[in-house]
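J.: build the 3D model from these lines:
(2 chains)
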Amino acid sequence: MPAMPLDGVRVLDFTWVVAGPVATRILADHGAEVIKVERKEPPQLGNRKLGLQCDLNRGKLSVALNMQHPRGVELAHRLAAKCDVVIDNFSARVMRSWGMDYESLAAVKPDIICISMSGLGHTGPRSSYVSYGPTLQALTGYTMLMAEPDGTPAGYGYSYADTCGGYTGALAALIALWNRHRTGRGQFVDLAQFEAVTSVIGPALLDIAANGRTQPAPGYNSQEGPAAPHGVYKCRPLDGDDDRWVAIAVRTGPEWRRFVTAIGSPSWASDPQFRTLYLRMHNSAELDANVSLWTAEHSAEDAMAILQRAGIAAGVVENGIDLCARDPQLKERGFFPAVATARGTTTNVTGIPFKLSGGSGKVRSIAPEVGENFDYVLGELLGLGRAERDELVAAGAVWP
Amino acid sequence: MTEPAALAGLRVLDLTGHRAQLCARLLADMGADVIKVEPPAGDDARRIGPFLDDLPHLDRSLFFWFYNLNKRSLTLDLNHSRGADILLQLARSADVVIESYAPGILDRLGLGWDTLHRENPALVLCSIAPFGQTGPWRDFIADDTVLTALGGMLYINGFPNHAPVRPLGLQAYHSAAYYGAIAVMLALLARDRTAEGQWIDLSMQEATAAATEHIAGAFFERGEAEQRRGTLHWSRFFRVGKCRDGYIMHCTLGDWTSLIEWVKSDGKAGDLDSPDYQQVMYRYLMAEHLFDVLDDWVKDYPRDELLERAQLLRQPYATVRPPEALFDDDQLAARGYFVEVEHRELGRKFRYPGAPYVFNGTPWRVSRRPPLIGEHTGEILRDELSMAPQALAALFAEGVI
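T.: This next block holds a predicted model:
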């Protein structure tokens, strides 16, 4: 097997739910040995061998330590001393209560890197707030600005705060590791997911700060310069499913002319009200109604193909089946790789969105059951003999 | 005393257009020396608004400002052979080149991977393209909205039987930028061992698809396409509710007993005090009814009061706020999140969004405001390539810089 960028890096992973596991899965996919420290008790967040939990935890190891038991905590300390990175997504007080905060761990292992991906950060009057991705999105503006035309919040189908928090955590770990290679020093990273997701709202924040402008829900107005038509347009049903749409973005004059030709030069397109980009934006309701007449006669796939052939940005509004089973581009690039299950079958998981010419990341294995790597972690890594391990189990410090 | 920056000593050439500029910004914020290479007419991001005081100008684009803080600007015409040659010279001493041209363009400019790798074997090249460098859609084009459509991110927002709602904030681009920075750091860490650079082929469509946590899981576990559910989160533990003066986000993952005691004391618990609801699975199954009852409970509360009381009980509730509220947020203020950046030539200071993470040893920092167009062209070519004043003047006269 070719060398991976993070070969030899070991991560002690206290994270759970989504954001933290997204961060550590990126590290695991690129060679790090990620050891999840978990509870063997409920709540179980679903089947670990299939679906979301497999997707999030693939390629990692798991040991079930009872952190309510002093000897469980002691084992965690011994593990941390053998790791390069310790990562959690608890609120500030939790790791401290176990003596596993950065200062304590650095006293034992001076070059340790600790990353704490809490909701609102380790300092400040609201550091103790409890939060999840969807509640952080509410606090930052995402939930409010994803709205129906009348301003009613319309719902956010996923948790960008979680995935974005995850990337931020992975990037922080890599930057800290790179710096450690040069200076020999570790450090503590206080990553508030609230701040991470606030940072990627983008230029709208400067519009508030510099121009004092209130941000309306953008709807389908382009957020990257004037465009019209710009939006989603309903298409011909596919196998009885009439929830089919194509997204279209037309910007410059040449693009507009190519667009008109591609849709068969209908007479409405030469109406003076659509002559310039400004007029097309100004009269976008009328324009969108006309464009919908064309898309209604085409499948979303055909509309996309016709427009892309003419050099127009267009794409099927893909549902989960389109994305995972039909999209020819993702299929060709192998974006949902198969991993072997214990039963000799395979299941597919979300892939890695980039390839490296010197050896791409790899989904190494299916997710572990809670505590699955008991023998490796306690035996091989900590060097505890059979009798000692049995005794720790009997004492309730670990779950086998 | 200033701490050393995490990425001090790292030189990055940023050739990206407006779709991928956050990538190098993430590295610049941690101390990398990022040279933004723009065409002499200015980067396309400079023509994208909003503009300061709504006055369009290449140096007043807030869009450009956001993505180019901490970078230096070098104008260079890469279509001119002399321009491409200068870039190659700069690449010899750079660690990273990041680009977002359509696949094949870099080759046509004489700056493809083979050339760059030959000239500087340790160089990392990160290519960010809408669909990556291979596959049947390689030459297709897309903006952020089209990418969110093709990444499965768009379909799942909004109410059933209504049009899907577009995600806020260029999330396809931002997801790709984060993955780009991650990939660059991975390649740099690998280089510490191998002394070899790598070529990164990053697909924005894939980065978008990877940014929705549950769509693939639902398909590969149950063969289902996730549907739009209004504000009910797919996990069924969150939904937006309406208070007297605005919206809040309910959450039923906190301690159920204390929540329901509170609702009961307001006389609004209905059937929610039945022991069945103690089970998470029952709350999951009954989510629609449960949130209807809670909606009726919160409707007369002021939203800030509801939030304060909920958090005292460690209930993960939140208010649904507009982004303007962030500028008055006491938590962000206490942590010094927003940073003042002085634009001396304008005689003004502006509050920029700050660090996504707080490094205690090698902090995130603002080292310079976003560059004016070509602001550092002369000094970079003079200092890095030892160009004589006459040579610079000639390049300028010819429109290469």
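J.: show me the contacts for residue A:38.
T.: A:16, A:62-65, A:370-371 (Cβ atoms under 8 Å, 6 or more residues apart in numbering or on different chains). No exception for glycine: its C-beta is placed from N, CA and C like everyone else's.
J.: go with 6 Å
T.: Residue A:38 makes contact with A:62, A:64, A:370 under the criterion Cβ atoms under 6 Å, 6 or more residues apart in numbering or on different chains.
J.: ditto for residue B:248
T.: By Cβ under 6 Å, 6+ apart, residue B:248 lies in contact with B:241, B:303, B:306, B:319.
J.: again with residue B:152
T.: By Cβ under 6 Å, 6+ apart, the contact list for residue B:152 reads A:318, A:323, B:209, B:212, B:215.
J.: for the residues you listed, which two are the farthest from each other?
T.: A:318 and B:212 (10.9 Å; Cβ to Cβ).
J.: so which of those two has more stuff around it?
T.: residue B:212 (30 against 27; other Cβ atoms under 10 Å in any protein chain shown).
J.: helix, strand, or coil at the more buried one?
T.: Under DSSP: H, G, I helix; E, B strand; the rest coil, residue B:212 falls in the coil class.
J.: then residue B:366?
T.: Going by three-state DSSP: residue B:366 is coil.
J.: what about it, neighbour count?
T.: When neighbours are counted by other Cβ under 10 Å, residue B:366 registers 16.
J.: mind giving me the domain split of the chain?
T.: You didn't say which chain, so I picked chain A. A:10-200+A:336-399, A:230-326 (automatic domain parsing).
J.: actually chain B
T.: Using automatic domain parsing, chain B is parsed into the domains B:11-211+B:337-397, B:238-326.
J.: so which of these is the most surrounded?
T.: By mean neighbour count, with neighbours taken as mean count of other Cβ atoms under 10 Å in any protein chain shown, domain B:11-211+B:337-397 ranks first of those at a mean of 21.
J.: quick one: average pLDDT of it?
T.: Mean pLDDT, domain B:11-211+B:337-397: 97.
J.: helix/strand/coil for the nearest residue to residue A:54 once chain neighbours are set aside?
T.: Nearest non-adjacent residue to residue A:54, counting by Cβ to Cβ, 6 or more residues apart in numbering or on different chains: residue A:367, 4.5 Å away. Look at residue A:367: counting by three-state DSSP, its state is coil.
J.: quick check, residue A:367 in contact with residue A:57.
T.: Yes - assessed by Cβ atoms under 6 Å, residue A:367 is found in contact with residue A:57 at 3.6 Å.
J.: who has more neighbours out of those two?
T.: The neighbour comparison of residue A:367 against residue A:57 (other Cβ under 10 Å) goes to residue A:57, with 29 against 26.
J.: the more buried one against residue A:366, yeah?
T.: No - using Cβ under 6 Å, residue A:57 makes no contact with residue A:366, being 8.8 Å away.
J.: shared neighbours, the two?
T.: Residues touching both residue A:57 and residue A:366 (Cβ under 6 Å, 6+ apart): none.
J.: follow-up on the earlier one: contacts only, for the residue nearest to residue A:54.
T.: A:48, A:54, A:57-58.
J.: out of the residues you listed, which is most surrounded?
T.: Neighbour max across the contacts of residue A:367 (other Cβ under 10 Å) = residue A:57, 29 neighbours.
J.: gap between it and residue B:61?
T.: According to Cβ to Cβ, to the nearest Å, residue A:57 and residue B:61 sit 42 Å apart.
J.: do the same with residue B:399
T.: Separation of residue B:399 from residue B:61 (Cβ to Cβ) stands at 22 Å.
J.: so where's the stretch 101-250 of chain A shaky on pLDDT?
T.: Residue ranges of the stretch 101-250 of chain A with pLDDT under 70: none are present.
J.: would you map the helices across it?
T.: Ranges of helices in the stretch 101-250 of chain A, per DSSP state H, counting those that start in this stretch, are A:102-108, A:133-140, A:142-145, A:160-183, A:193-199, A:203-211.
J.: tell me the most buried of those helices?
T.: Counting by mean count of other Cβ under 10 Å, the most buried of the helices of the stretch 101-250 of chain A turns out to be helix A:133-140, with a mean of 30.
J.: quick one: contacts of that helix?
T.: Identification of contacts with helix A:133-140 by Cβ under 6 Å, 6+ apart yields A:143, A:156, A:159, A:161-162, A:193-194, A:197-198, B:233, B:238, B:249, B:251, B:316, B:318, B:320.
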